[in-house]
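# here is my input; please provide its structure:
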Amino acid sequence: MLPIPKLGILLLAMVLIFPISNVYGHGLGIDTISSVDIQGKEISISVELPLSFDNLEEKQITITAIEDEEKENAKNVTFLIGLFHENEMIFRNYFFTENGVLPIKVIPTQDDKITINGEQDSLLGAWYGTDSNPLEITGPIFTSGGLYNFEIEVRTLDEPTNIVEDSGVYNADLSVAETSTFVEKDSLDQDVSFRLKSYFDKISSFEYDSEKKQVTFEMPFDWSEKQMSHIPVVHEEVHFPNDFAEFLSGGYTGKVNGIDLFKSSIQVDDYTEVDERIVHFVLLQDHLRFLKNQMKQTGEPLPDSMVFTLSTSEKIDFPLDAYTKSEEFLVNLSWDPVTIEPDQNTKFVFTIRDGRTGEPLRDSDYTFVILQGGKEIHKVTGVARVGGESEDYYFTEDQTGPTIIKFENIRNTGQETEFGIVVAPEFGAYVTLILIISLMSVIFVAKKSSLNILKF
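Down below sits the predicted model:
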């Protein structure tokens, strides 16, 4: 039995509702509510939306209900959905899906009213879409980043007329990436532009301390078990110019609320943006539980925020790792001497490994390239007979500044990976080396490191 259509357009004024408890989402593009008991049948409800987008571009919310036992989409589901942002209700309405998948096209506008276009049934007035008249919401939705909270109730299941009473209210929390810019002073009192991209919630404060060479920023966070139970990852990005010498470092250490983070929680990326270095905070659920347990041991009440600290570190832990984009190959790299100076020989030692097992790959072809200013200054082809090999290079006085160490055509597959160095003799002839990885590699490494959660 299909819902009886009633064409219409609904105008709703935005209203401020009763205060609701602050909730802080996990920053992924999907959140799943598992094992919802509806009349003795367990279903899972997933809510999905883009990770990031321009403020006024078209978007889509997709809500899917799946029967846990049958692993099939639920039938004839009516949802009561409320969407909240910063404790303000954006809309709250009934929506119907015959096949368990509810796509809602969203067109953000600067208008202060919500407009819903589509068709409505005659039972609950639930909105749904057809091929000729798709479901669409326009208004001030997703016009800013931060956390969005969905309150969801199930009102029909299996049949459009099968009314479900007191199904319970379930919450899904998703974040839209929020990018903020902060202009801070360096040690010479010059302006430096930092960007912070949050995949979780809005940043409430930011500071760069040039004396300590340290960045600090704060973000709301609910440490309750109810919230943490469905937070797989918290992801924050600190962007700064890749020529900002005083904050360039061979490594970084991170803290949250004064507690040291795991080594795997801090990842450096010079690959994604041409003119910027990005330092990623990647906190998995086990990391969050560790932080919570450490805070509880102090006997103080749990805070309602995370205070992130990012500091430079002079320590470089060898070997450094870089995956190829496909993650088929892993390259370990170290060098000797640790302090690289012009007018002396530097030995780069590396091992080519299977990206899945970590085993050295014998008889591995490679091309070893050194680039400065986008130009090759050295290139040699070789074979790592036992998986490991070394290459020597003698930097001259005029070969300072940003430098790329690149491994091309690994095992004659065309795959490659990169490491980046900054040869800066004016800063004590110290060469900083960081792992060059794409965001995909960052998440991959973070997932793998979660298996070794107690290793710093």
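# what's the neighbour count on the nearest residue to residue 178 once chain neighbours are set aside?
In this structure, residue 178 finds its nearest non-sequential neighbour in residue 145, 2.7 Å apart by Cβ to Cβ, 6 or more residues apart in numbering. Using the backbone N, CA and C atoms, a C-beta is placed for each residue, glycine as well. Using other Cβ atoms under 10 Å, the number of residues around residue 145 comes to 23.
# isn't residue 145 right up against residue 197?
No: look at residue 145 against residue 197 with Cβ atoms under 8 Å: they stay out of range, at 9.0 Å.
# which residues do those two both contact?
177, 178, 179 (Cβ atoms under 8 Å, 6 or more residues apart in numbering).
# list buried residues within those residues.
Among the shared contacts of residue 145 and residue 197, those that count as buried by neighbour count (16 or more other Cβ atoms under 10 Å) are 177, 178.
# which of the shared contacts of residue 145 and residue 197 fall in strands?
178, 179 (DSSP state E).
# pretty sure residue 140 sits against residue 107.
No: counting by Cβ under 8 Å, residue 140 stays clear of residue 107, with 10.8 Å between them.
# about what we covered before: nearest to residue 356, of the shared contacts of residue 145 and residue 197?
Lowest distance from residue 356 to the shared contacts of residue 145 and residue 197 (Cβ to Cβ) belongs to residue 177, with 30.3 Å.
# tell me, what's the model's pLDDT at the closest one?
Looking at residue 177, its pLDDT is 79.
# and it, how far is that from residue 392?
As defined by Cβ to Cβ, to the nearest Å, residue 177 lies at a distance of 44 Å from residue 392.
# got it, and residue 36?
In terms of Cβ to Cβ, residue 36 sits 62 Å off from residue 392.
# over to residue 287?
40 Å.
# the more surrounded of the two?
residue 287 (22 against 11).
# would you mark the buried spots in the helix or strand hosting that one?
Secondary structure from DSSP states H and E places residue 287 in helix 285-296. Buried residues in helix 285-296, defined by neighbour count with 16+ other Cβ under 10 Å: 285, 287, 288, 289, 290, 291, 292, 295.
# kindly report the same for stretch 387-395.
387, 388, 389, 391, 393, 395.
# a markdown table for the residues you listed, including pLDDT and distance to residue 223?
Below are the buried residues of stretch 387-395 laid out as a markdown table (pLDDT from 0 to 100; distance: Cβ to Cβ, whole Å):
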| residue | pLDDT | distance to residue 223 |
| --- | --- | --- |
| 387 | 92 | 45 |
| 388 | 93 | 45 |
| 389 | 95 | 48 |
| 391 | 96 | 49 |
| 393 | 94 | 49 |
| 395 | 87 | 49 |
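# now, those residues that are in strands?
Secondary structure from DSSP E places 388, 389, 391, 393 of these in strands.
# any idea how far the closest residue to the first one other than its chain neighbours is from residue 360?
In other words, residue 388. Closest residue to residue 388 apart from its sequence neighbours, by Cβ to Cβ, 6+ apart: residue 351 at 4.2 Å. Using Cβ to Cβ, residue 351 is found at 6 Å from residue 360.
# any common contacting residues for those two?
Contact criterion Cβ under 8 Å, 6+ apart; residues shared by residue 351 and residue 360: 387, 388.
# compare these two (neighbour count), which wins?
Counted by other Cβ under 10 Å, residue 351 and residue 360 do not tie: residue 351 has more neighbours, with 21 against 16.
# so that one sits in a helix?
No: looking at residue 351 with DSSP: H, G, I helix; E, B strand; the rest coil, it is strand, so not inside a helix.
# wait, what's in contact with it?
319, 331, 332, 360, 384, 387, 388, 389.
# for the fourth one, give me its contacts.
When contacts are counted by Cβ under 8 Å, 6+ apart, residue 360 is found next to 351, 352, 353, 386, 387, 388.
# ok, and the closest non-adjacent residue to the residue most central in space within the chain?
Nearest residue to the geometric centre of the chain (Cα atoms, centre = their mean): residue 235, 4.3 Å. Nearest residue to residue 235, sequence neighbours excluded (Cβ to Cβ, 6+ apart): residue 199, at 4.3 Å.
# pretty sure the one you found contacts residue 177?
Yes: between residue 199 and residue 177 there is a contact at 5.3 Å, judged by Cβ under 8 Å.
# show me where pLDDT drops low in the stretch 351-456 of the chain?
By pLDDT under 70, the low-scoring segments of the stretch 351-456 of the chain are 373, 401-402, 420-456.
# for it, which segments are assigned as helices?
Assigned by DSSP state H, counting those that start in this stretch, the helices in the stretch 351-456 of the chain fall at 439-449.
# mind listing the strands for it?
364-372, 375-384, 388-394, 401-410, 415-424, 430-435 (DSSP state E, counting those that start in this stretch).
# list the buried residues in the fourth one.
To tie it back to what came earlier, the one meant is strand 401-410. 402, 403, 404, 405, 406, 407, 408, 410.
# for these, which one is nearest residue 119?
residue 410 (55.4 Å).
# list the contacts of the closest residue to residue 409 other than its chain neighbours.
With Cβ to Cβ, 6+ apart as the criterion, residue 409 has its nearest non-adjacent residue at 5.1 Å, and that residue is residue 367. Residue 367 makes contacts with 379, 380, 381, 382, 407, 408, 409, as judged by Cβ under 8 Å, 6+ apart.
# go again using 10 Å as the cut-off
379, 380, 381, 382, 406, 407, 408, 409, 410, 412, 416 (Cβ atoms under 10 Å, 6 or more residues apart in numbering).
# just to revisit the earlier point, can you confirm the residue nearest to the centre of the chain is in a strand?
Yes: under three-state DSSP, residue 235 sits within a strand.
# now it: how far from residue 144?
In terms of Cβ to Cβ, residue 235 sits 18 Å off from residue 144.
# same thing with residue 415?
Distance from residue 415 to residue 144, by Cβ to Cβ: 40 Å.
# neighbour count: these two, which is higher?
More neighbours surround residue 415 than the other of residue 415 and residue 144, with 18 against 12 (other Cβ under 10 Å).
# how about the helices in the stretch 51-200 of the chain?
Under DSSP H, counting those that start in this stretch, the stretch 51-200 of the chain gives no helices.
# so where is it shaky, pLDDT-wise?
Residues of the stretch 51-200 of the chain meeting the criterion pLDDT under 70: 51-56.
# give the contact list for residue 221.
22, 24, 200-201, 227-228, 231, 234, 256-257, 288, 291, 302-307 are the contacts of residue 221 under Cβ under 10 Å, 6+ apart.
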